[in-house]
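1. Have a look; sequence and predicted model below, questions after that.
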Amino acid sequence: MSSPQDITLDEVYERYRSKRPKSAAADGEARKVMPGGNTRSVLHFEPFPFRVATAEGPHLVDVDGNQYVDLLGNYTAGLLGHSPTAVRQAVSAALETGFSLGATHTVEIEAARLLTERFPSLEQVRFTNSGTEANLMALALAKHHTGRERILAFRNGYHGGVLAFAPESSPMNVPHDFVVIPFNDFEATSDAFATAPDEIAAVIVEPVQGGGGCIPAAPGFLAELRQLCDQNGSILIFDEVMTSRLAPGGAQELMSVLPDLTTLGKYLAGGLTFGAFGGRADLLSAFDPQLGGALSQAGTFNNNILSMTAVVATLTQVLTPEVIRTVNERGDRLRESLNEIFEANDCQFQATGVGSMTAIHAEEPALELFFHAMLDKGWYIARRGFIALSLEISDDLIDAFLSTVRTWASR
Ligand SMILES: Cc1ncc(COP(=O)(O)O)c(C=O)c1O
């Protein structure tokens, strides 16, 4: 392979700019009213992100008419695609029957029932508006239940913008008493418990670190956490906001370890805003006013009828166990083939992940150059190399992407 340095970033950016005058102008307008021109920091990349005009099937089309196959899948929230028919029809019907209620309704019961039936550790569930909120609620519940303050989290873990440890703890983090240790480090984990056996309220862990680069828990690591939590009276929280898509019953089913609490989000409302936390009914009962529950969970839009309706449509009409298995098998094939190509061409690139979640790793600026090379050929992945397959990505599209990568790698 010729050196990726044979084309400079300046040249790459110039080529990108020249094809996107309308996105450039929109970026200028956006910067006047939103710092950095965006309101979701991860969407920024240099020299400016393209602005989407329409999305159909597997494609995004930007305001300049450039078309991209969307391999990013909205960072896992877009599992069903950009505008899945079943969800669109169900939500359209809900729009006709009133959508700003401020009261309980029956759709949320069905959504909760479907989730508890699907994920093995979920006896009961409550809804939020995002994965971040779900994690904040789960942590608050664990602290309340145990009467303890300390929370064990893992380096490179990501549980939301205010619960971010990737790679360093974010200055935006909520001020919990976090102890952050390396992921998959058995010794550091048992040391953390040994030094403060009665102090750890909760361990929060992604069964596969998503934002941290699609790194799965090492064999036995989750079981070890389960055991340590049991021995020390701590609550084990699985953040399955991303990983619940990896098997019909989530990563907890795939990896055969059940947490006390699970948090969910992303794709489960078919692409609409969503979050949930749930698990052991005896823990969740803290929210039951009839049992004298001490906790109250606010949230104007927690049971909003559009998201609740979308959850029901997603789980009853789209995400059958077979569909989940197929998309994850496709992801395994993609990752294995990428690594074959990288190896055969002596690239210092590596793909990691599980099922439909993949991260491509490389040094900088090689990764930036790769990202732009793919964009230039009409493939959209995350700037950091993240890929989350949607149901719209067929085997043929995977083959076409692999062929683009092969050509790029063998230059
Ligand atoms: C594992 C994990 N937890 C929580 C979150 C936060 O979810 P949200 O962006 O819906 O707040 C994310 C978002 O990427 C995530 O990947």
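-> Ah, there it is.
2. Are we agreed that Ala153 is in a strand?
-> Yes: the assignment for Ala153, made by DSSP: H, G, I helix; E, B strand; the rest coil, places it in a strand.
3. That one contacts Phe165, doesn't it?
-> Yes: judged on C-beta atoms under 8 Å, Ala153 makes contact with Phe165 at a distance of 5.5 Å. (C-beta placed from N, C-alpha, C; glycine too.)
4. what sits in contact with each of those two?
-> The contact sets of Ala153 and Phe165 overlap at 178, 180 (C-beta atoms under 8 Å, 6 or more residues apart in numbering).
5. Between those two, which has more neighbouring residues?
-> Comparing Ala153 with Phe165 by other C-beta atoms under 10 Å, the one with more neighbours is Ala153, at 27 against 23.
6. Now do the same for the more buried one: its pLDDT.
-> On pLDDT, Ala153 comes in at 98.
7. show me what contacts it?
-> Residues in contact with Ala153, defined by C-beta under 8 Å, 6+ apart, are 159, 163, 165, 178-181, 203-205.
8. ok, now Gly249?
-> Contact analysis of Gly249 by C-beta under 8 Å, 6+ apart lists 118-120.
9. Alongside the ligand, which residues does the protein contribute?
-> Neighbours of the ligand within the chain, by C-beta under 6 Å from any ligand atom: 75, 130-132, 135, 158-160, 206, 210-211, 239, 241-242, 265, 275.
10. Asn184 reaches Pro219, doesn't it?
-> No: the pair Asn184 / Pro219 is not scored as a contact, 9.6 Å apart, by C-beta under 8 Å.
11. measure the residue of the stretch 201-350 of the chain found nearest the ligand to Asp399 for me?
-> Using C-beta to the nearest ligand atom, the closest approach of the stretch 201-350 of the chain to the ligand is made by Val241 at 3.5 Å. For Val241, the distance to Asp399 equals 30 Å [C-beta to C-beta, to the nearest Å].
12. sorry, back to before: did I read that right, the residue of the stretch 201-350 of the chain closest to the ligand in a helix?
-> No: assessed with three-state DSSP, Val241 is coil; it does not lie in a helix.
13. Can you give me the separation between it and Thr132?
-> Distance, Val241 to Thr132, by C-beta to C-beta: 9 Å.
14. of the two, who's got more company?
-> Set Val241 next to Thr132 and count neighbours by other C-beta under 10 Å: Val241 wins out with 30 against 21.
15. so who does the more buried one touch?
-> 76, 131, 134-135, 159, 206, 210, 263-266, 275 are the contacts of Val241 under C-beta under 8 Å, 6+ apart.
16. Recalculate using a threshold of 7 Å.
-> Counting by C-beta atoms under 7 Å, 6 or more residues apart in numbering, Val241 touches 131, 263-266.
17. Now do the same for it: its pLDDT.
-> We have a pLDDT of 98 for Val241.
18. And for Met1?
-> 45.
19. Going forward, count from 757.
-> Got it, first residue is 757 now, which makes that one Met757.
20. quick one: pLDDT of the residue in the stretch 857-1006 of the chain positioned nearest to the ligand?
-> Per C-beta to the nearest ligand atom, Gly887 is where the stretch 857-1006 of the chain lies closest to the ligand, at 2.4 Å. Looking at Gly887, its pLDDT stands at 98.
21. coming back round to it: put the buried members of the residues of the chain next to the ligand into a PyMOL selection.
-> Remark: buried members of these, expressed as a PyMOL selection using 16 or more other C-beta atoms under 10 Å:
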select buried, resi 831+886+887+888+891+914+915+916+962+966+967+995+997+998+1021+1031
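22. which one's the longest helix in this protein?
-> In the chain, assigned by DSSP state H, the helix with the most residues is helix 1077-1100.
23. before we move on, the earlier item: which one of Asn940 and Pro975 has more residues nearby?
-> Higher neighbour count among Asn940 and Pro975: Asn940, with 19 against 9, using other C-beta under 10 Å.
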